[in-house]
Structures are given as C-alpha cells and as structure tokens.
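Chemist: Show me how the following folds:
(one chain, ligands or ions: 1)
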Amino acid sequence: MAITKENGHLYIAGMDAKKIAQTYGTPVYVYDRQIIEETMQEFADSFVSKKFQGKPAYASKAFSCKAMLQLAKQFGLGADVVSLGELETAKRAGMDMGEVVFHGNNKSACELQKALEYQTGLIVIDSLQEAMLLDALAQAAQRKQDVLVRINPGIDAHTHKYIQTANLDSKFGISIADETSLQELAKILKNSGALNFKGFHAHIGSQIFEPESFVKETGVVCEFAKAFEDTYQMPVTVLDLGGGFGVRYTDADKPAKVKDVCTLLVKALEEQIDQLDLHLEKVIIEPGRAIAAPAGLTLYTVGFSKMAGEKQYVFVDGGMSDNIRPALYQAAYDADIATNMDAPKSEEVCIAGKCCESGDVLIEKTMLQPSHLGDILAVYTTGAYGYSMASNYNKLAFPGALFVKDGKASWAIRPQSLEQLLEREEDLDADTL
Ligand SMILES: *Cc1c(COP(=O)(O)O)cnc(C)c1O
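Modeler: Take a look at the predicted model:
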C-alpha cells in the first residue's frame, strides 16, 4: 500500500486519511487501486511459460465486487467464483465468462444452471453426485460444458509448512487415494455427452509462505494427472492449482514475492511436463488474498478509551462486523493513529470494536501512538476477507469500500444506509399487531 506521512497525517495514494474519513465517513475500507493493479500485473507477467498458457484467476471470494472484477479483466486475469452471487457479480462486471472458474463443494442446481446459461469457462465438479447432476443439467441446457474435477492431493499447507497427509476427510473434492470414487467418476465423465473433461483442480490452503509447498503440490497433482490419463485414457489438458499465496500482515509474516513464487511454480510445471510427458495446454492459479489484502486498509474513528485492570482499551466505531478475522482465528494486524503519525508508539493498547461480544477485538495487544476521541485509526492489510466476511451483527450497517488513485477517490461499494439495512423487514400482520 502506497502510504506516506505528511504533517503528522497518514496519506493513502496521495489522500489524507483524515480527509477521507471526514468526506466518506468511518468505518471505511480504503483500497489503493494502483497496488491492486500492480499485483495483478505481476501475476499476469510472471505466471507465463512457453509450454502452457498460464492464467491467474482472481479468487473473488477475497473481495468480490464489480470494480475488482473489472480490474481483473483489464489485466488479463480470469476469476474464480463459488456462489450464485459471485457468479452474477462476475457477469455484471462484464467479465469474459469463458475465463471464469466455478468451484465449491455444494453448488445448487440453480447455481449450476446459471453457470451453464452464462457459458462459464470451467465448472469444477466436487463430487460424484454433482457430476451426475451437472451432466443432466448440461444435457437439458444442450450445452457442452468444460469441467475440472476437484481433487484432494493430501497436502495441507498451513501458513509455514505443508504437511503431507493421507487425509481422506476434507470436505473438498475427491481424494487422490479414493480409487473407487475416481473410477466411478471417470465412468460418468466418459459416458457423458454433455460434460467435457479437461483436468483437475486442487487448493492446498491459504496464507502459505513456503513456495516449496506449491512445488510439492505441483508434483503430486501432475503425477496424479499422468496416472489418471494412463488409467482411463482421458487426456488432462488443464490444471488449476488454486490459491493461497501468503501476504504480510505484521513483521511476523515473511511471504515470498509474487514474482518469485510464480517463477518457481512455472519451473516446477515445466519440469513435470517434460518428465511425465504431460499434455497440459493451460494452467490456472487462483490468487485472492495476495491481490486484495495488501491493497486495502480500514479507517475507523477512535471513540472512548478505558483502563480495565492492566489493560488499556481503545474503542473504534466498527469491529468484528467489518473484520471478523481476529475473532475468528486470532489474525494479527498492524495499526497507526492516522492523525498522530509523528508521535512515538508509546502506548500499549488493546483495540476493540463496538459489538456486544468480549471477543470483538481487532488487535489484542499493540504499541500505538497516543490517541484521543475523534482521532482516525488505520488498520492495515484488511483488503481480503474483511468486507467479504462482514456482517450486520448488532445491526451495524456494512461500511463502503473506496478505491483511491492519484489523489482521487471513488466508491467501489457504497456504504449501506440505515434504510437499506431495514428494507427487507416486514411488519407483523396487521391483525396480530
Ligand atoms: C480460498 C480459495 C482461493 C483463494 O485463496 P487465497 O488464500 O485468498 O489466495 C483459491 N482457490 C480456492 C479453491 C479457494 O478455496
């Protein structure tokens, strides 16, 4: 995120955070559009090979809105979607639907029908039941649908290291060790006149720092693809290796550079193609967090503070309703008082939200500049899984998401008004009121 300091204030892409807060209100998600663009460009430029078409597809669940998908399109990225809502967002954003991948473990008939109608490039089959349903729906729609099969490669990469497991119990995909299901699936796909088998999809986790994990995944998936191809005489021409590229939230996080991970991945793929004589035409990767997180921050207005025992609380006008990650899995963040940037970070505080939950904490313990009622607090790296996991808990309205570039701001998503918050509610029937 291109942030600078001027007269003690934080500036985001040339705009004073205080000014942004005054003009657009708080809480507000602020995205540095240029950072999104640069990261997308980096993926597009570095996931390239002479041996296959490399295609990064933005994992829209990280932050799904029309503006994000329009940027993805501009930079030559595809998109991955997991629900009717995300599919519709891609459609209305004007995405090339041929570059959209639709995955998920429990897609409904209605969702699959829409995906067929929109001529979605790839639908990822997650189970035998889904294969049969999609086959019937595609036949009815008279569409020849390209499909991938989601596999569980038995690699679990969490943050720092991968663990190779024989875990058969993931809710996603079909285990590569489950030969009975694979045989059944091959039969369904071979006999289907409507489904066009292209290859496999895998995803080994999120916030992965060790590029070696992706290399390991590549090896396992490629070997599996080769064995499947040989066993069932079904050529594998497309692989989707999923997302999970790690980002820096605090100094404890040391992600590899996008370019370096992509280069390593391409090299691993090229080696596998040569060694195994694979027929890959296209390989997709699905970065979500790596594109959205570093480009976004959240601005809050500081409210009351309180000393409770040894703990100094600083309260803000949002919290778990706009960022549930700390409450959900102890996610860590850095923050600054955006209106007091020149002061030393001399106070140890707990930054908590306004929701009625003791767990509604944004940062459990951090050093922060002294702050006062009305100051602006910036929490960094909130661009992914913040807005997309937001809720109306305690009936707090959804904040808006602002794109800033060259000192100018525009809404990507307008804030929810009080009217909109209540618009779907009905009064009790008149005769029982
Ligand atoms: C969540 C998810 C992604 C994106 O993960 P990031 O960690 O945000 O990059 C990509 N593909 C699949 C299948 C996912 O479930």
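Chemist: Going by neighbour count, which residues of the one helix or strand A136 maps to are buried?
Modeler: Per DSSP states H and E, A136 falls inside helix 128-140. Residues L128, E130, A131, M132, L133, L134, D135, L137, A138 are the ones in helix 128-140 that count as buried (16 or more other Cβ atoms under 10 Å). Glycine gets a C-beta too; all of them are placed from N, C-alpha and C.
Chemist: For it, name the packing helices and strands.
Modeler: Helix 128-140 makes packing contacts with helix 109-117, strand 122-125, strand 145-152, helix 179-191, strand 195-201 when contacts are defined by 3 or more Cβ pairs under 8 Å, 6 or more residues apart in numbering; DSSP states H and E.
Chemist: Tell me what angle that helix forms with helix 109-117.
Modeler: Interaxial angle, helix 128-140 versus helix 109-117 (axes from the mean of the first three to the mean of the last three Cα atoms, to 10 degrees): 50 degrees.
Chemist: what sits against Q53?
Modeler: E281, K282, V283 (Cβ atoms under 8 Å, 6 or more residues apart in numbering).
Chemist: ok, now E217?
Modeler: Taking Cβ under 8 Å, 6+ apart, we find E217 in contact with P153, I155, A157, Y162, A202, I204, L241, G242.
Chemist: Give me the secondary structure label for Y300.
Modeler: Secondary structure for Y300, judged by DSSP: H, G, I helix; E, B strand; the rest coil, is strand.
Chemist: start the count at 760, not 1, going forward
Modeler: From this message on, residue numbering opens at 760, which makes the last subject Y1059.
Chemist: How many residues are close by the residue nearest to it when sequence neighbours are not counted?
Modeler: Counting by Cβ to Cβ, 6 or more residues apart in numbering, V1075 is the residue found nearest to Y1059 once chain neighbours are left out, at 3.6 Å. When neighbours are counted by other Cβ atoms under 10 Å, V1075 registers 26.
Chemist: Up against the ligand, what does the stretch 810-959 of the chain have?
Modeler: A818, K820, A821, D839, H862 (Cβ under 6 Å from any ligand atom).
Chemist: change it to 8 Å
Modeler: A818, K820, A821, D839, V841, H862, V883, R909, F931 (Cβ under 8 Å from any ligand atom).
Chemist: nearest spatial neighbour of the last one, skipping sequence neighbours?
Modeler: Pointing back at F931 there. N864 (5.4 Å).
Chemist: need the contact list for the one you found.
Modeler: Here N864 is in contact with D885, S886, R909, K930, F931, G932 (Cβ under 8 Å, 6+ apart).
Chemist: give me the number of residues near the last one?
Modeler: Meaning G932. Neighbourhood size, G932 [other Cβ under 10 Å]: 23.
Chemist: so what's it scoring on pLDDT?
Modeler: With respect to pLDDT, G932 scores 94.
Chemist: Can you pull out the low-pLDDT segments for this structure?
Modeler: In the predicted model of the chain, residues 760, 917-920, 923-925 satisfy pLDDT under 70.
Chemist: Report the central residue of it.
Modeler: A821 (2.4 Å; Cα atoms, centre = their mean).
Chemist: any idea how far the nearest residue to it once chain neighbours are set aside lies from the ligand?
Modeler: Leaving aside its chain neighbours, A821 sits nearest to G1047 (3.2 Å; criterion: Cβ to Cβ, 6+ apart). To the ligand, G1047 is 3 Å away according to Cβ to the nearest ligand atom, to the nearest Å.
Chemist: what's the answer for Q800, then?
Modeler: Relative to the ligand, and taking Cβ to the nearest ligand atom, Q800 is found at 17 Å.
Chemist: same question, D1019
Modeler: D1019 sits 16 Å away from the ligand, going by Cβ to the nearest ligand atom.
Chemist: my guess is that residue meets F968, correct?
Modeler: No: here D1019 does not reach F968: they are 11.8 Å apart, not a contact under Cβ atoms under 8 Å.
Chemist: Looking at those two, which has the bigger crowd around it?
Modeler: F968 (21 against 12).
Chemist: For R1007, see how far away that one is.
Modeler: Distance, F968 to R1007, using Cβ to Cβ, to the nearest Å: 10 Å.
Chemist: Quick check: residues of the stretch 1010-1159 of the chain near the ligand?
Modeler: E1045, P1046, G1047, R1048, A1049, I1050, A1051, A1052, A1143, Y1144.
Chemist: Now the first one: closest residue in space, sequence neighbours ignored.
Modeler: Distance criterion Cβ to Cβ, 6+ apart; nearest residue to E1045, sequence neighbours excluded, is G1002 at 3.9 Å.
Chemist: what residues are up against the one you found?
Modeler: By Cβ under 8 Å, 6+ apart, the contact list for G1002 reads A818, D839, H962, S965, I1044, E1045, P1046, G1047, R1048, A1049.
Chemist: Which element, helix or strand, includes the residue nearest to F931?
Modeler: Counting by DSSP H and E, there is no helix or strand that carries N864.
Chemist: ok, so what distance separates it from N911?
Modeler: Distance from N864 to N911, by Cβ to Cβ: 11 Å.
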